[in-house]
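A.B. asks: From the sequence below, what's the structure:
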Amino acid sequence: MTGLIADTSDHRLIRQSTAAIADRYGHGYYAERAREGGHIAELWGELGQAGLLGVHLPAEYGGGGAGLAELTVVTEELAAHGLPLLIAVISPAICGSILAAHASDAMKASWLPGLADGTRRMAFALTEPDAGSNSRNVSTTARRAGPGWVISGGKYYISAADECEALLLVARDDSVAGGLSLFVVPTGAPGLTLTPIPTALVSPDRQFTVFLDDVAVGEDALIGMAGQGFRQVFAGLNPERILAAALCNGVGRYAVAKAAEYARQRKVWSEPIGAHQGIAHPLAQAHVGVELARLATERAAELFDAGQDAAEAANIAKLAAADAALAALDQAIQTHGGNGLALEYGLADLWFVTRLMRTAPVSREMVLNYLATHSLGLPPSY
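C.D. replies: Here you go, the predicted model:
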């Protein structure tokens, strides 16, 4: 299947390497692990050993020394093989990017090599039940206690927390008036508990409520300077949006490819159903949407890697990709008729994880709020 993206030679090699690993697992592996409550440790290990998880992280800390554009290729290609891994957006992209930008040399040396080779994983703990999209309103509190802090509060919808050995956690820091700070908090710390949130998602990366009851952390748990957490978080938010877009683009490619193959083979009358415009045109339209979203995502990653303001592009890419992927998946299911709901065809079980991307990591409404204000100059609505 052709498209609008013209890979560089490096990107072509990364895509081929990712595809070779993904082909050995496939969507069936992903769905089976999800339904059985398992994880994707073998796949994750291979990706790490191949240098694909940390392709964007600094070379001096075990990464590939490339950029977000290269990690975008990895994430998209995995999803294009039916492997939309939320943990890939979270651990190496969000957490890795924040640590690379703001952590001390000691913390970078401790964490980045493991994030790059897949032997260590970290979850991102920002959202709270009463804060929602208003990140400034977090109520989880870190209070000074001796040389460290004691953290109390709760986080909500924290993806893949059970797979990770630590949380990159945002808390209100009482040592700095009105400030937020970022901490690396071990998931096994006394006073920290994880409670699964039952959802309709079919994904090996599950959702959790995190409770923190006087969890003690040392001075070395702080990322950068106290009170700078809100600014530090932004080192991870644009990568988060761009990688979420890449994941959606991969799902869109997967759905269109599956539907096109089915439409070429399926015969009910004298010709394949793909010969009928009622099937062909909606699939062609889905292909257009996915390819345009891929272009937007590539541009957003390019801006980010160049050190330019990528916020508008990242938000546009995330919104466009989520909408395009959901439309493509819906049309792929429709093309398959009743088979679109059969587990063996590997489409319907991707519905909710794809639908999630319209709500998370930032809601469609908040993206439009941002674009209305910052792109169009309209008065802010909040």
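
A.B. asks: Just the endpoints, please. Distance across stretch 92-104?
C.D. replies: Across stretch 92-104, the terminal residues are separated by 17 Å (C-alpha to C-alpha, to the nearest Å).

A.B. asks: just the helices in the stretch 101-250 of the chain please.
C.D. replies: Along the stretch 101-250 of the chain, the segments classed as helices by DSSP state H, counting those that start in this stretch run 105-117, 229-265.

A.B. asks: Let me have these in a markdown table, extended by mean neighbour count and distance to M366.
C.D. replies: Quick note: C-beta positions are derived from backbone N, CA and C, even for glycine. Output for the helices of the stretch 101-250 of the chain, formatted as a markdown table (neighbours: other C-beta atoms under 10 Å; distance: least, C-beta to C-beta, whole Å):
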| stretch | mean neighbour count | distance to M366 |
| --- | --- | --- |
| helix 105-117 | 18 | 27 |
| helix 229-265 | 24 | 11 |
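
A.B. asks: Relative to P198, which of those helices is closest?
C.D. replies: When those are ranked by distance to P198, counting by C-beta to C-beta, first place goes to helix 229-265 at 22.6 Å.

A.B. asks: And the very next helix or strand once past the closest one, what does it pack against?
C.D. replies: Towards the C-terminus, the helix or strand next in line after helix 229-265, according to DSSP states H and E, is helix 277-305. Contacts of helix 277-305 with other secondary structure elements, assessed using 3 or more C-beta pairs under 8 Å, 6 or more residues apart in numbering; DSSP states H and E, are made with helix 68-80, helix 229-265, helix 311-335.

A.B. asks: Give the residue spans of the stretch 101-250 of the chain that score low on pLDDT.
C.D. replies: Along the stretch 101-250 of the chain, the parts satisfying pLDDT under 70 run over 132-135.

A.B. asks: burial measure for E77, as a count.
C.D. replies: With neighbours defined by other C-beta atoms under 10 Å, the count for E77 comes to 25.

A.B. asks: before we move on, the earlier item: of all the helices and strands packed on helix 277-305, which one is nearest P190?
C.D. replies: Between P190 and the helices and strands packed on helix 277-305, the tightest spacing by C-beta to C-beta is seen for helix 229-265, at 23.3 Å.

A.B. asks: orientation of that closest one relative to helix 311-335 in degrees?
C.D. replies: Counting by axes from the mean of the first three to the mean of the last three C-alpha atoms, to 10 degrees, helix 229-265 points 30 degrees away from the direction of helix 311-335.

A.B. asks: Could you export the helices and strands packed on helix 277-305 to a markdown table, including columns for distance to G54?
C.D. replies: As requested, those are exported to a markdown table (distance: least, C-beta to C-beta, whole Å):
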| stretch | distance to G54 |
| --- | --- |
| helix 68-80 | 9 |
| helix 229-265 | 13 |
| helix 311-335 | 21 |
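
A.B. asks: the strands in the stretch 1-150 of the chain, which residues?
C.D. replies: If you assign secondary structure with DSSP state E, counting those that start in this stretch, the strands in the stretch 1-150 of the chain sit at 122-125, 141-145, 148-159.

A.B. asks: For the shortest one, report the contacting residues that lie outside it.
C.D. replies: For strand 122-125, contacts defined as C-beta atoms under 8 Å, 6 or more residues apart in numbering pick out 90-91, 94-95, 111, 115, 155, 158-161, 163-170, 184-185, 187, 210, 236, 240.

A.B. asks: partners of that strand in the sheet?
C.D. replies: strand 166-173 (parallel) (DSSP bridges).

A.B. asks: go on, the longest one?
C.D. replies: The strands beside strand 148-159 in its sheet (DSSP bridges) come out as strand 141-145 (antiparallel), strand 207-217 (antiparallel).

A.B. asks: Pull out the buried positions in the shortest one.
C.D. replies: If I follow you right, that is strand 141-145. Of all the residues in strand 141-145, those buried under the rule 16 or more other C-beta atoms under 10 Å are A142.

A.B. asks: hmm, who's touching it?
C.D. replies: For strand 141-145, the surrounding residues in contact (C-beta under 8 Å, 6+ apart) are 149-153, 171-175, 181, 183, 216-217.

A.B. asks: Same question for the last one.
C.D. replies: Outside of strand 207-217, the residues within contact range by C-beta under 8 Å, 6+ apart are 125, 140, 142, 145, 148-159, 161-162, 167, 169, 183-185, 189-197, 199, 201.

A.B. asks: buried set for that strand?
C.D. replies: Of the residues in strand 207-217, Q207, F208, T209, V210, L212, V215, V217 count as buried by neighbour count, 16+ other C-beta under 10 Å.

A.B. asks: which of these lies closest to A311?
C.D. replies: Q207 (26.3 Å).

A.B. asks: Any figure for the gap between the residue of the chain positioned farthest from its centre and A260?
C.D. replies: When each C-alpha in the chain is compared with the mean C-alpha position (C-alpha atoms, centre = their mean), S270 comes out farthest, at 43.8 Å. Between S270 and A260 the distance, using C-beta to C-beta, to the nearest Å, works out to 20 Å.

A.B. asks: cool, G346 as well?
C.D. replies: With distances defined as C-beta to C-beta, the gap from G346 to A260 amounts to 15 Å.

A.B. asks: give me every residue that touches L247.
C.D. replies: With contact taken as C-beta under 8 Å, 6+ apart, L247 is in contact with T75, E76, A79, P84, L85, L86, A88, V89, M357.
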